[in-house]
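# predicted coordinates and the sequence they were generated for:
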Amino acid sequence: MKTDWNWDKLDPLERRVAEFLVQGKSNATICTEVFLSRARVQECIKRILIKTGADSTRGAIALLVQERETLTLLSVLEQARDGVAIVQDRVVTFANRALQEVLGYDAEEIIGMPFVELVAARSRNAALKQHELRLRGAPFSTLYVIGALCKGGREKDVVVANAGQILYRGEPAVLTAVIPHVAE
């Protein structure tokens with residue numbers, strides 16, 4: 001599957017060299033580990049720089065390390081039993097399977113959707129206000145009930161548990177858990 005993650009842009013040899021770079025290995029050590037000439041390793045590093053868009057080896061390493069941390073986080077979030085979303089620039093950039101089940105959308109439908117389209121009209125102002133507060137770093141409600149708009153237009157009350165602002169792919173984003181509301 002083709003993605004826009006930098007690790008996925010690398011061919012197997014480049015990925016192996018990048019792994020050694022991330023581990024802090026020198027070019028000389030990489031040469032002996034992968035049985036390549038110094039010129040071949042340097043050419044491989046040059047291709048890594050081009051594919052990642054970094055302007056230095058150190059920059060490429062930082063980018064790849066950050067990306068690996070993000071991919072690890074996504075792997076953990078995918079296993080969560082509660083619905084989890086990452087919203088960046090008011091758009092859903094990640095939705096785990098549990099959230100997809102709560103709202104009735106497939107990943108392809110929900111990723112890239114403005115998050116307000118998932119909020120019932122009666123709750124939109126409140127949801128937007130909480131989102132903006134989190135992004136500004138201002139105090140925000142960590143737990144509240146809103147009307148979610150499920151696929152097909154059905155409304156469902158959900159509890160929103162805000163984890164707050166995170167860095168996702170190097171940019172500010174909001175991490176939110178969504179749990180079906182059970183009235184007492």
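It's in.
# in this protein, which helix has the most residues?
helix 57-78 (DSSP state H).
# so which elements touch that one?
Contacts defined by 3 or more Cβ pairs under 8 Å, 6 or more residues apart in numbering; DSSP states H and E place helix 57-78 against helix 6-9, helix 12-22, helix 38-52. (Each C-beta comes from the backbone N, C-alpha and C, glycine too.)
# can you put those in TSV and add mean neighbour count and distance to E67?
Converted to TSV, these look like this (neighbours: other Cβ atoms under 10 Å; distance: least, Cβ to Cβ, whole Å):
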stretch	mean neighbour count	distance to E67
helix 6-9	17	5
helix 12-22	17	10
helix 38-52	16	9
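# roughly how far apart are A18 and T70?
16 Å (Cβ to Cβ, to the nearest Å).
# which non-adjacent residue is nearest the residue in the chain sticking out farthest from the centre?
Largest separation from the mean C-alpha position in the chain: S37, at 36.6 Å (Cα atoms, centre = their mean). With sequence-adjacent residues excluded and distances taken as Cβ to Cβ, 6 or more residues apart in numbering, S37 is closest to C31, at 6.7 Å.
# so the host helix or strand of that neighbour versus helix 12-22, what angle?
Using DSSP states H and E, C31 maps to helix 27-34. In terms of direction (axes from the mean of the first three to the mean of the last three Cα atoms, to 10 degrees), helix 27-34 departs from helix 12-22 by 130 degrees.
# now do helix 27-34: distance to the chain's middle.
How far helix 27-34 lies from its chain's middle: 32 Å, per Cα atoms, centre = their mean, to the nearest Å.
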